[in-house]
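**Student:** coords please:
(chains A and B)
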Amino acid sequence: MEQKNNRPFSTYVGIWLGLLMLTVLTVTVAGLNLGSLSVIGAIAIAAVKSSLVIMFFMHIKYEDKVFKIMLALTVFTLVVILLLTFADTAFR
Amino acid sequence: MNTAVETPVHTHKDHEGARIGMWLFLFTEVLLFGGLFLLYAVYRSKFPADFHYGASTLDTFMGTFNTIILLTSSLTMVLACASLERRNRRNASIFLSITILFGIFFLVNKYIEWSAKIHHGIYPNSEILQTHTPGESVFYSLYYLMTGLHGIHIIIGLILLGVMLYHVRRYPRRKVQLTNVGTNAVGIFGTNDETLWRHKEEETVETMNLELVYRSNEDITDTLMIKLENSGLYWHLVDVIWIFLFPLFYLIT
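**Tutor:** Got it, this is the predicted structure:
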(Lines give C-alpha, C1' and ligand atoms only; values in the text may rest on other atoms or scores of the structure.)
Protein backbone atom coordinates (compact mmCIF):
# COMPACT_ATOMS: atom_id res chain seq x y z
CA MET A 1 0.00 0.00 0.00
CA GLU A 2 2.09 2.83 -1.27
CA GLN A 3 -0.01 5.58 0.26
CA LYS A 4 -2.52 5.11 -2.52
CA ASN A 5 -5.32 6.20 -0.26
CA ASN A 6 -4.50 9.80 0.48
CA ARG A 7 -7.78 11.11 -0.76
CA PRO A 8 -9.07 14.03 1.28
CA PHE A 9 -11.60 13.43 4.05
CA SER A 10 -13.96 15.80 2.21
CA THR A 11 -14.45 13.19 -0.56
CA TYR A 12 -15.79 10.72 1.98
CA VAL A 13 -17.93 13.32 3.73
CA GLY A 14 -19.38 14.28 0.32
CA ILE A 15 -20.27 10.65 -0.44
CA TRP A 16 -21.86 10.36 3.01
CA LEU A 17 -23.99 13.47 2.40
CA GLY A 18 -25.07 11.99 -0.95
CA LEU A 19 -26.07 8.76 0.80
CA LEU A 20 -28.12 10.68 3.36
CA MET A 21 -29.90 12.63 0.61
CA LEU A 22 -30.72 9.40 -1.23
CA THR A 23 -32.13 7.98 2.01
CA VAL A 24 -34.42 11.00 2.36
CA LEU A 25 -35.36 10.62 -1.31
CA THR A 26 -36.26 6.93 -1.00
CA VAL A 27 -38.45 7.59 2.07
CA THR A 28 -40.18 10.46 0.23
CA VAL A 29 -40.76 8.41 -2.93
CA ALA A 30 -42.22 5.56 -0.82
CA GLY A 31 -44.81 7.97 0.57
CA LEU A 32 -46.04 8.99 -2.89
CA ASN A 33 -48.00 5.79 -3.62
CA LEU A 34 -46.66 5.26 -7.12
CA GLY A 35 -47.86 1.66 -7.23
CA SER A 36 -45.56 -0.83 -8.90
CA LEU A 37 -43.18 2.01 -9.78
CA SER A 38 -42.38 2.48 -6.10
CA VAL A 39 -40.80 -0.99 -5.91
CA ILE A 40 -38.58 -0.29 -8.91
CA GLY A 41 -37.80 3.18 -7.57
CA ALA A 42 -36.81 1.90 -4.13
CA ILE A 43 -34.58 -0.83 -5.57
CA ALA A 44 -33.00 1.60 -8.04
CA ILE A 45 -32.16 4.06 -5.25
CA ALA A 46 -30.80 1.20 -3.10
CA ALA A 47 -28.62 0.13 -6.05
CA VAL A 48 -27.23 3.67 -6.43
CA LYS A 49 -26.56 3.90 -2.68
CA SER A 50 -24.79 0.57 -2.53
CA SER A 51 -22.69 1.43 -5.59
CA LEU A 52 -21.55 4.62 -3.86
CA VAL A 53 -20.52 2.63 -0.77
CA ILE A 54 -18.78 -0.06 -2.85
CA MET A 55 -17.03 2.39 -5.19
CA PHE A 56 -15.77 4.93 -2.66
CA PHE A 57 -15.90 3.52 0.88
CA MET A 58 -14.80 0.06 -0.25
CA HIS A 59 -12.32 1.60 -2.73
CA ILE A 60 -13.35 -0.52 -5.72
CA LYS A 61 -13.01 2.58 -7.92
CA TYR A 62 -9.30 2.73 -7.08
CA GLU A 63 -8.60 -1.01 -7.15
CA ASP A 64 -7.06 -3.05 -9.96
CA LYS A 65 -9.15 -4.41 -12.78
CA VAL A 66 -9.29 -7.90 -11.26
CA PHE A 67 -11.40 -6.60 -8.34
CA LYS A 68 -13.88 -4.98 -10.71
CA ILE A 69 -14.16 -8.14 -12.81
CA MET A 70 -14.76 -10.29 -9.73
CA LEU A 71 -17.40 -7.89 -8.44
CA ALA A 72 -19.15 -7.77 -11.82
CA LEU A 73 -19.11 -11.57 -11.98
CA THR A 74 -20.71 -11.83 -8.53
CA VAL A 75 -23.42 -9.28 -9.29
CA PHE A 76 -24.08 -11.01 -12.63
CA THR A 77 -24.39 -14.41 -10.94
CA LEU A 78 -26.75 -13.01 -8.33
CA VAL A 79 -28.93 -11.30 -10.94
CA VAL A 80 -29.08 -14.48 -13.05
CA ILE A 81 -30.11 -16.58 -10.04
CA LEU A 82 -32.75 -14.03 -9.02
CA LEU A 83 -34.19 -13.54 -12.51
CA LEU A 84 -34.27 -17.21 -13.53
CA THR A 85 -35.86 -18.40 -10.29
CA PHE A 86 -38.29 -15.52 -10.31
CA ALA A 87 -39.26 -16.21 -13.93
CA ASP A 88 -39.80 -19.85 -13.02
CA THR A 89 -42.05 -19.19 -10.03
CA ALA A 90 -43.94 -16.30 -11.65
CA PHE A 91 -45.16 -18.33 -14.67
CA ARG A 92 -45.81 -21.61 -12.99
CA MET B 1 25.74 3.34 28.29
CA ASN B 2 24.20 1.01 25.74
CA THR B 3 20.97 1.19 23.88
CA ALA B 4 19.46 -1.53 21.77
CA VAL B 5 16.49 -0.67 19.63
CA GLU B 6 14.19 -3.45 18.49
CA THR B 7 12.11 -2.33 15.58
CA PRO B 8 9.20 -4.54 14.45
CA VAL B 9 10.24 -7.16 11.95
CA HIS B 10 8.92 -6.36 8.50
CA THR B 11 7.97 -9.41 6.51
CA HIS B 12 6.78 -9.19 2.97
CA LYS B 13 3.10 -9.84 2.60
CA ASP B 14 0.96 -9.75 -0.48
CA HIS B 15 -1.55 -7.08 0.41
CA GLU B 16 -3.40 -7.24 -2.84
CA GLY B 17 -3.81 -10.96 -2.24
CA ALA B 18 -5.15 -10.22 1.25
CA ARG B 19 -7.73 -7.86 -0.18
CA ILE B 20 -8.73 -10.33 -2.91
CA GLY B 21 -9.20 -12.97 -0.22
CA MET B 22 -11.44 -10.64 1.77
CA TRP B 23 -13.49 -9.78 -1.31
CA LEU B 24 -13.95 -13.46 -2.18
CA PHE B 25 -15.32 -14.01 1.32
CA LEU B 26 -17.61 -11.01 0.93
CA PHE B 27 -18.96 -12.46 -2.34
CA THR B 28 -20.03 -15.60 -0.49
CA GLU B 29 -21.83 -13.33 1.98
CA VAL B 30 -23.56 -11.58 -0.91
CA LEU B 31 -24.80 -14.93 -2.23
CA LEU B 32 -25.93 -15.97 1.26
CA PHE B 33 -28.11 -12.90 1.59
CA GLY B 34 -28.98 -13.15 -2.11
CA GLY B 35 -30.72 -16.44 -1.45
CA LEU B 36 -32.83 -14.80 1.24
CA PHE B 37 -33.67 -11.87 -1.02
CA LEU B 38 -34.81 -14.40 -3.59
CA LEU B 39 -37.06 -16.01 -1.00
CA TYR B 40 -38.44 -12.57 -0.20
CA ALA B 41 -39.09 -11.78 -3.89
CA VAL B 42 -40.88 -15.05 -4.60
CA TYR B 43 -43.11 -14.90 -1.50
CA ARG B 44 -43.80 -11.24 -2.07
CA SER B 45 -45.16 -11.99 -5.54
CA LYS B 46 -47.22 -14.81 -4.05
CA PHE B 47 -48.69 -12.80 -1.16
CA PRO B 48 -48.52 -9.14 -2.28
CA ALA B 49 -51.33 -7.90 -0.03
CA ASP B 50 -49.95 -9.55 3.11
CA PHE B 51 -46.47 -8.18 2.43
CA HIS B 52 -47.89 -4.70 1.95
CA TYR B 53 -49.77 -4.98 5.20
CA GLY B 54 -46.78 -6.44 7.04
CA ALA B 55 -44.46 -3.68 5.85
CA SER B 56 -46.94 -1.03 6.98
CA THR B 57 -46.78 -2.37 10.56
CA LEU B 58 -43.01 -1.81 10.76
CA ASP B 59 -41.74 1.46 12.20
CA THR B 60 -40.51 3.51 9.22
CA PHE B 61 -39.00 6.16 11.47
CA MET B 62 -36.94 3.58 13.35
CA GLY B 63 -35.82 2.00 10.07
CA THR B 64 -34.77 5.36 8.61
CA PHE B 65 -32.98 6.27 11.82
CA ASN B 66 -31.04 3.00 11.79
CA THR B 67 -30.17 3.52 8.11
CA ILE B 68 -28.66 6.91 8.93
CA ILE B 69 -26.75 5.38 11.86
CA LEU B 70 -25.22 2.66 9.67
CA LEU B 71 -24.37 5.04 6.81
CA THR B 72 -22.63 7.35 9.28
CA SER B 73 -20.76 4.44 10.84
CA SER B 74 -19.48 3.56 7.36
CA LEU B 75 -18.16 7.10 7.03
CA THR B 76 -16.33 6.97 10.37
CA MET B 77 -14.96 3.53 9.41
CA VAL B 78 -13.45 4.81 6.17
CA LEU B 79 -12.08 7.85 8.03
CA ALA B 80 -10.41 5.50 10.55
CA CYS B 81 -8.65 3.72 7.65
CA ALA B 82 -7.67 7.03 6.08
CA SER B 83 -6.31 8.29 9.42
CA LEU B 84 -4.17 5.20 9.88
CA GLU B 85 -2.81 5.60 6.38
CA ARG B 86 -1.91 9.15 7.29
CA ARG B 87 0.05 7.64 10.19
CA ASN B 88 -2.30 9.09 12.77
CA ARG B 89 -2.90 6.39 15.31
CA ARG B 90 -4.88 8.63 17.66
CA ASN B 91 -7.45 9.77 15.09
CA ALA B 92 -7.76 6.22 13.77
CA SER B 93 -8.69 4.91 17.22
CA ILE B 94 -11.14 7.79 17.78
CA PHE B 95 -12.94 7.13 14.48
CA LEU B 96 -12.91 3.39 15.16
CA SER B 97 -14.44 3.94 18.59
CA ILE B 98 -17.20 6.10 17.10
CA THR B 99 -17.90 3.36 14.53
CA ILE B 100 -18.25 0.80 17.32
CA LEU B 101 -20.59 3.10 19.27
CA PHE B 102 -22.81 3.54 16.20
CA GLY B 103 -22.91 -0.24 15.74
CA ILE B 104 -24.02 -0.73 19.35
CA PHE B 105 -26.59 2.05 18.90
CA PHE B 106 -27.98 0.21 15.85
CA LEU B 107 -28.33 -3.00 17.84
CA VAL B 108 -30.08 -1.21 20.72
CA ASN B 109 -32.65 0.19 18.27
CA LYS B 110 -33.09 -3.26 16.74
CA TYR B 111 -33.65 -4.67 20.22
CA ILE B 112 -36.34 -2.05 20.92
CA GLU B 113 -38.03 -2.82 17.58
CA TRP B 114 -37.96 -6.58 18.04
CA SER B 115 -39.15 -6.49 21.65
CA ALA B 116 -42.08 -4.23 20.68
CA LYS B 117 -43.13 -6.74 18.02
CA ILE B 118 -42.64 -9.74 20.29
CA HIS B 119 -44.56 -7.92 23.03
CA HIS B 120 -47.51 -7.71 20.62
CA GLY B 121 -47.26 -11.45 20.14
CA ILE B 122 -45.78 -11.23 16.65
CA TYR B 123 -42.91 -13.66 16.29
CA PRO B 124 -42.44 -16.83 14.21
CA ASN B 125 -45.02 -19.49 15.10
CA SER B 126 -46.71 -17.28 17.71
CA GLU B 127 -50.35 -17.96 18.60
CA ILE B 128 -51.51 -14.62 17.24
CA LEU B 129 -49.73 -15.12 13.90
CA GLN B 130 -51.27 -18.58 13.50
CA THR B 131 -54.69 -16.95 13.42
CA HIS B 132 -53.51 -14.54 10.69
CA THR B 133 -53.02 -15.29 6.99
CA PRO B 134 -50.12 -17.53 5.89
CA GLY B 135 -48.64 -14.66 3.85
CA GLU B 136 -48.35 -12.47 6.94
CA SER B 137 -46.69 -15.30 8.80
CA VAL B 138 -44.14 -15.67 5.98
CA PHE B 139 -43.50 -11.92 5.97
CA TYR B 140 -42.66 -11.81 9.67
CA SER B 141 -40.58 -15.00 9.44
CA LEU B 142 -38.51 -13.40 6.69
CA TYR B 143 -38.34 -10.17 8.66
CA TYR B 144 -36.91 -11.93 11.72
CA LEU B 145 -34.64 -14.18 9.66
CA MET B 146 -33.12 -11.45 7.50
CA THR B 147 -32.78 -8.67 10.07
CA GLY B 148 -31.62 -11.29 12.56
CA LEU B 149 -28.91 -12.61 10.28
CA HIS B 150 -27.94 -9.03 9.53
CA GLY B 151 -27.83 -8.34 13.28
CA ILE B 152 -25.50 -11.31 13.79
CA HIS B 153 -23.24 -9.79 11.13
CA ILE B 154 -23.28 -6.49 13.02
CA ILE B 155 -22.24 -8.33 16.21
CA ILE B 156 -19.41 -10.13 14.38
CA GLY B 157 -18.37 -6.80 12.84
CA LEU B 158 -18.34 -5.16 16.27
CA ILE B 159 -16.11 -7.91 17.69
CA LEU B 160 -13.79 -7.51 14.70
CA LEU B 161 -13.64 -3.74 15.12
CA GLY B 162 -13.07 -4.13 18.87
CA VAL B 163 -10.04 -6.34 18.20
CA MET B 164 -8.83 -3.82 15.62
CA LEU B 165 -9.21 -0.98 18.12
CA TYR B 166 -6.97 -2.89 20.50
CA HIS B 167 -4.41 -3.45 17.74
CA VAL B 168 -4.47 0.13 16.53
CA ARG B 169 -3.97 1.39 20.08
CA ARG B 170 -1.42 -1.18 21.23
CA TYR B 171 0.55 -2.53 18.33
CA PRO B 172 3.17 -2.57 17.05
CA ARG B 173 5.29 -1.53 19.97
CA ARG B 174 8.89 -0.47 20.02
CA LYS B 175 11.07 -1.80 22.81
CA VAL B 176 14.15 0.00 23.99
CA GLN B 177 16.71 -1.41 26.42
CA LEU B 178 18.58 1.19 28.38
CA THR B 179 21.44 0.04 30.55
CA ASN B 180 23.43 2.14 32.96
CA VAL B 181 21.37 5.23 32.41
CA GLY B 182 21.26 8.07 34.82
CA THR B 183 18.43 8.21 37.31
CA ASN B 184 17.18 11.36 35.67
CA ALA B 185 16.13 9.10 32.77
CA VAL B 186 13.12 8.05 34.83
CA GLY B 187 11.58 11.29 33.70
CA ILE B 188 11.27 10.00 30.14
CA PHE B 189 8.27 7.81 30.90
CA GLY B 190 5.15 9.01 29.27
CA THR B 191 6.93 11.44 27.00
CA ASN B 192 7.71 11.39 23.31
CA ASP B 193 10.66 10.08 21.31
CA GLU B 194 12.65 13.31 21.32
CA THR B 195 12.79 13.40 25.09
CA LEU B 196 14.12 9.86 25.14
CA TRP B 197 17.14 10.63 23.01
CA ARG B 198 17.89 13.86 24.81
CA HIS B 199 18.17 12.03 28.11
CA LYS B 200 20.30 9.36 26.51
CA GLU B 201 23.27 11.66 26.33
CA GLU B 202 23.25 12.58 29.97
CA GLU B 203 25.22 10.57 32.45
CA THR B 204 25.33 10.78 36.19
CA VAL B 205 27.13 8.88 38.88
CA GLU B 206 24.06 6.88 39.91
CA THR B 207 23.01 4.52 37.09
CA MET B 208 20.21 2.07 36.48
CA ASN B 209 18.79 -0.28 33.82
CA LEU B 210 15.54 0.45 32.09
CA GLU B 211 13.32 -1.25 29.59
CA LEU B 212 11.13 1.16 27.81
CA VAL B 213 8.15 0.16 25.69
CA TYR B 214 6.58 2.86 23.65
CA ARG B 215 4.40 3.26 20.57
CA SER B 216 5.17 5.50 17.70
CA ASN B 217 3.19 6.57 14.65
CA GLU B 218 6.26 5.70 12.61
CA ASP B 219 5.76 2.05 13.48
CA ILE B 220 2.35 1.60 11.85
CA THR B 221 2.95 -1.39 9.63
CA ASP B 222 1.35 -2.29 6.33
CA THR B 223 0.05 -5.44 8.02
CA LEU B 224 -1.89 -3.38 10.55
CA MET B 225 -3.28 -1.25 7.75
CA ILE B 226 -4.47 -4.19 5.66
CA LYS B 227 -6.12 -5.71 8.73
CA LEU B 228 -8.01 -2.51 9.41
CA GLU B 229 -8.93 -2.09 5.76
CA ASN B 230 -10.28 -5.63 5.50
CA SER B 231 -12.29 -5.18 8.72
CA GLY B 232 -13.63 -2.00 7.16
CA LEU B 233 -14.66 -3.91 4.01
CA TYR B 234 -16.68 -6.29 6.17
CA TRP B 235 -18.36 -3.39 7.97
CA HIS B 236 -19.24 -1.68 4.68
CA LEU B 237 -20.72 -4.89 3.28
CA VAL B 238 -23.03 -5.13 6.30
CA ASP B 239 -24.03 -1.56 5.50
CA VAL B 240 -24.69 -2.44 1.82
CA ILE B 241 -26.96 -5.34 2.87
CA TRP B 242 -28.92 -3.02 5.15
CA ILE B 243 -29.31 -0.53 2.27
CA PHE B 244 -31.38 -3.23 0.51
CA LEU B 245 -33.15 -4.60 3.60
CA PHE B 246 -34.42 -1.19 4.62
CA PRO B 247 -36.65 -0.34 1.60
CA LEU B 248 -37.84 -3.93 1.15
CA PHE B 249 -39.12 -4.29 4.70
CA TYR B 250 -39.91 -0.77 5.84
CA LEU B 251 -40.81 1.27 2.76
CA ILE B 252 -42.59 -0.76 0.09
CA THR B 253 -46.08 -0.70 1.55
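
**Student:** which element is residue 67 on?
**Tutor:** Unless you meant another one, I'm taking chain A. For A:F67, the host element (DSSP states H and E) is helix A:65-90.

**Student:** you answered for a different chain; I wanted chain B.
**Tutor:** helix B:60-85.

**Student:** now that helix, how far from the centre of its chain.
**Tutor:** How far helix B:60-85 lies from its chain's middle: 10 Å, per CA atoms, centre = their mean, to the nearest Å.

**Student:** please apply the same query to stretch B:97-112.
**Tutor:** For stretch B:97-112, the distance to the chain centre is 11 Å (CA atoms, centre = their mean).

**Student:** buried set for it?
**Tutor:** Neighbour-count burial for stretch B:97-112 flags B:97-100, B:102-103, B:105-107, B:109-110 (criterion: 16 or more other CB atoms under 10 Å in any protein chain shown). From N, CA and C alone the C-beta is placed, and that goes for glycine too.

**Student:** ok, back up a step: anything in the helix holding B:T67 near chain A?
**Tutor:** Yes: under the criterion of CB under 8 Å from any CB of the partner chain, helix B:60-85 makes contact with chain A via B:60, B:64, B:67-68, B:71-72, B:74-75, B:77-79, B:81-82, B:85.

**Student:** helices or strands next to that helix in the packing?
**Tutor:** helix A:9-30, helix B:89-119, helix B:134-170, helix B:222-246 (3 or more CB pairs under 8 Å, 6 or more residues apart in numbering or on different chains; DSSP states H and E).

**Student:** okay if I get the ones you listed as a markdown table plus mean pLDDT?
**Tutor:** Formatted as a markdown table, the helices and strands packed on helix B:60-85 follow (pLDDT from 0 to 100):
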| stretch | mean pLDDT |
| --- | --- |
| helix A:9-30 | 94 |
| helix B:89-119 | 95 |
| helix B:134-170 | 94 |
| helix B:222-246 | 95 |
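
**Student:** as TSV, the ones you listed with distance to B:E16 would be great.
**Tutor:** Shown next, in TSV, are those (distance: least, CB to CB, whole Å):
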stretch	distance to B:E16
helix A:9-30	22
helix B:89-119	22
helix B:134-170	20
helix B:222-246	9
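
**Student:** show me the one of these that comes nearest B:M22.
**Tutor:** Judged by CB to CB, the one of these that comes nearest to B:M22 is helix B:222-246, at 4.3 Å.

**Student:** and the residue of the stretch 101-250 of chain B that's closest to chain A?
**Tutor:** Distance from chain A to each residue of the stretch 101-250 of chain B (CB to the nearest CB) is smallest for B:P247, at 3.8 Å.

**Student:** so what's that residue closest to, chain neighbours aside?
**Tutor:** A:A42 (3.8 Å; CB to CB, 6 or more residues apart in numbering or on different chains).
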